[in-house]
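Chemist: one predicted model, sequence on top.
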2 protein chains.
Amino acid sequence: MHTLRAPYLLYLGDVQLKSDAKTAFGLRDWCRDKVLAEWSLPTATVSLGLDLLSPAMAAKHGAGSLIIGVAAVGGAIPDAWLDDLEQALDAGMDVVSGMHTRLSTFPRLVAAAARNGVKLIDVRHTDQPLPAGTGLKRSGKRLLTVGTDCALGKKYTALAITENLHKRGVAATFRATGQTGIMIAGAGIAIDAVVADFIAGAAELLSPANNAEHWDIIEGQGALFHPAYAGVTLGLLHGSQPDALVLCHDPSRSTIEGYPHMPLPSLAQAIDRYLEAARLTNRAVRCVGVSINSSTLTDSQAQDYFTRVRSELGLPVCDPLRGGVDALVDELVRSAAVQP
Amino acid sequence: MHTLRAPYLLYLGDVQLKSDAKTAFGLRDWCRDKVLAEWSLPTATVSLGLDLLSPAMAAKHGAGSLIIGVAAVGGAIPDAWLDDLEQALDAGMDVVSGMHTRLSTFPRLVAAAARNGVKLIDVRHTDQPLPAGTGLKRSGKRLLTVGTDCALGKKYTALAITENLHKRGVAATFRATGQTGIMIAGAGIAIDAVVADFIAGAAELLSPANNAEHWDIIEGQGALFHPAYAGVTLGLLHGSQPDALVLCHDPSRSTIEGYPHMPLPSLAQAIDRYLEAARLTNRAVRCVGVSINSSTLTDSQAQDYFTRVRSELGLPVCDPLRGGVDALVDELVRSAAVQP
């Protein structure tokens, strides 16, 4: 389990494309209270609109970690960034990366971390010994976001539900399973990076026993219908032992992204398959709603689509970015009240 | 993908219990033609009944690898074995281990391997970069053994089917997914040790495109009904894209071994769930039979049980150790002939 020291200095390197800075924007939008400032090279053309502080200055203002907020193509760390990263380490900050290349492959950074007693944290990797799954019921309540495909709003939906529960005064914790989620939450396990035997065990560790009324809102990964990643999805589902599922979907897709030969299931089929699989470790699991990524639809198209899905499935349907998740959380709170 | 150099010297260390030498007995029984001799410390009390040759002598007789054939409690390699292992490396052999502890954690062995230009092979681990699964159909035919639980005969059944096909003159390759299987086959991938994102991709790599009439007989792992390992099972199932499944079961079990709170499914339920999951990457998948580990039953109990299951499911039922797998392979060959 990774744990990050806030507040954060968000590092943008020499980023030229807003889409490459997705992680930094996600952190700014979802954990603004943990973000102190941003910093980048003079060649960068993208800004988050935050205060600009060099690593040394950010440390003076109390920053605990420099977080690399850019995902360049290929996931590599360019040499041009190393001066800034070393400056952060020398100022007493941890350096946090979600890139494929490990920070520990740079001898300069390893030496700087060692001489300052600070950490290089690769949230995409974990070397922690993990337990095998037990399948034993834990106290507390859990919701897992699942999807018809990858990359269609499972993290965003989980964050929106967590925020909504907090507004209602319900105790809830967002549990992160991917690199951006871990940076936002300040803790978590990159579930797709663990050794295959320990997927379910890692998921159990991620959402430990809690107060009976507390909700863990767990970020889903992959999809049961994905020919590459379904194993990750199933292990996460079994280890999470969710009481509630929310199905995430993008109506503009008819096949798995990048796999034009793999059709998506219908929403009803998807819900059936997720519930069937989830019952292995929690007989009482229910689907409490559908979260739609409707960014490709006009307002009226979106409303028509929501109405149709709502009547087909008899479940609340919403888009967190278009009207919020109130209907979904209403159903969650209602169904939790009548659960055994 | 690990590839091992035959013939093998089977090393028993200081083993006192026959059950701890399961790997060595499996190799003696399933790949006798690759096994040259055995060797052990004077304190060992178990023998395989083979010629005794020291590592140096075995190398003179052409041995390519010393294989550690013992799985001691905890999976550790005792210091007392290191002299023998170093002697093997100095004689030009590779040393192969299926233990949790990596051979590379012993500086003496690393140095000896380096100075002799030979390899330390940890079949339980893989550092090879793996691809993500593609879900694309490959030529050739594939059978995967699946189970109601772990450790009830999936490897043994796959080996018996491969041998039976060979006797019929059908081209077939056993594909190993666990450490003992890899040693027997001389190649394979420990599928439960790969990074979660690459389970299906590793399975695709393990059984590559082949002649249209060739059968890969793939060793299954885990079970879809196992709260710890179902993710491994599902990824292996998707990546294998099997045309045929054989369900393995032990009638003495009513719950998952070591998980008394997790009931086993019925055989019919298990077959339905495996076929449903397998259809994602191969619509034409069929279950061609059931392999029973009937070691806890008397002969007449076993025959009664086989008859009952056969009439319930309408499928061939056999125990590879009690009458062989002819009925099952008859069905496989028959169903392959009528497949699209």
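Modeler: Arrived safely. Computed from a predicted structure; not experimentally measured.
Chemist: what helix or strand is the residue nearest to the spatial centre of chain A located in?
Modeler: Closest to where the C-alpha atoms of chain A average out (C-alpha atoms, centre = their mean) is residue A:181, at 3.1 Å. Using DSSP states H and E, the element containing residue A:181 is helix A:179-185.
Chemist: residues touching that helix, excluding its own?
Modeler: A:2, A:4, A:8, A:22-23, A:26-27, A:30-31, A:67, A:96, A:98, A:123-124, A:155, A:158-159, A:174-176, A:188-190, A:219 (C-beta atoms under 8 Å, 6 or more residues apart in numbering or on different chains). Where you see a C-beta, it was placed from the backbone N, CA and C, and this is true even at glycine.
Chemist: give me the mean pLDDT for that helix.
Modeler: On average, the pLDDT along helix A:179-185 is 93.
Chemist: and stretch A:301-312, by the same measure?
Modeler: Mean predicted lDDT for stretch A:301-312 stands at 98.
Chemist: rewinding a little: what residues sit buried inside the helix holding residue A:181?
Modeler: For helix A:179-185, burial by neighbour count (16 or more other C-beta atoms under 10 Å in any protein chain shown) applies to A:179-185.
Chemist: for stretch A:109-118, buried residues please.
Modeler: Using 16+ other C-beta under 10 Å as the test for burial, stretch A:109-118 gives A:109, A:112-113, A:116, A:118.
Chemist: so where is the stretch 101-250 of chain A shaky, pLDDT-wise?
Modeler: In the prediction, the stretch 101-250 of chain A carries no residues with pLDDT under 70.
Chemist: now do the strands in it.
Modeler: Remark: strands assigned in the stretch 101-250 of chain A by DSSP state E, counting those that start in this stretch are A:120-122, A:141-147, A:172-175, A:187-188, A:215-218, A:244-249.
Chemist: ok and the second one relative to strand A:244-249, angle-wise?
Modeler: By that I understand strand A:141-147. Going by axes from the mean of the first three to the mean of the last three C-alpha atoms, to 10 degrees, strand A:141-147 is angled at 20 degrees with respect to strand A:244-249.
Chemist: wait, does strand A:141-147 contact chain B?
Modeler: No. Applying C-beta under 8 Å from any C-beta of the partner chain, one finds strand A:141-147 out of contact with chain B, separated by at least 14.0 Å.
Chemist: give me the sheet partners of that strand and which way each runs.
Modeler: Sheet pairing here is set by DSSP bridges, and for strand A:141-147 it gives strand A:215-218 (parallel), strand A:244-249 (parallel).
Chemist: what comes up buried for it?
Modeler: Under the neighbour-count criterion of 16+ other C-beta under 10 Å, strand A:141-147 has A:141-147 buried.
Chemist: returning to that earlier point: show me which of the contacts of helix A:179-185 are buried.
Modeler: By neighbour count, with 16+ other C-beta under 10 Å, the contacts of helix A:179-185 hold A:2, A:4, A:8, A:23, A:26-27, A:30-31, A:67, A:96, A:98, A:123-124, A:155, A:158-159, A:174-176, A:188-190, A:219 as buried.
Chemist: filter those down to just the ones in helices.
Modeler: A:23, A:26-27, A:30, A:155, A:158-159 (DSSP state H).
Chemist: still on that earlier bit, now the buried residues of strand A:141-147 in CSV, with distance to residue B:203?
Modeler: As requested, those are exported to CSV (distance: C-beta to C-beta, whole Å):
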residue, distance to residue B:203
A:141, 35
A:142, 30
A:143, 31
A:144, 25
A:145, 27
A:146, 23
A:147, 22
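Chemist: spell out which residues of the stretch 101-250 of chain A are next to chain B.
Modeler: Along the stretch 101-250 of chain A, the residues adjacent to chain B under the rule C-beta under 8 Å from any C-beta are A:132-136, A:191-197, A:199-201, A:225, A:227-236, A:238-239.
Chemist: hmm, 7 Å instead?
Modeler: Proximity of the stretch 101-250 of chain A to chain B is confined to A:132-136, A:191-197, A:199-201, A:225, A:227-232, A:234-235, A:238 under the rule C-beta under 7 Å from any C-beta of the partner chain.
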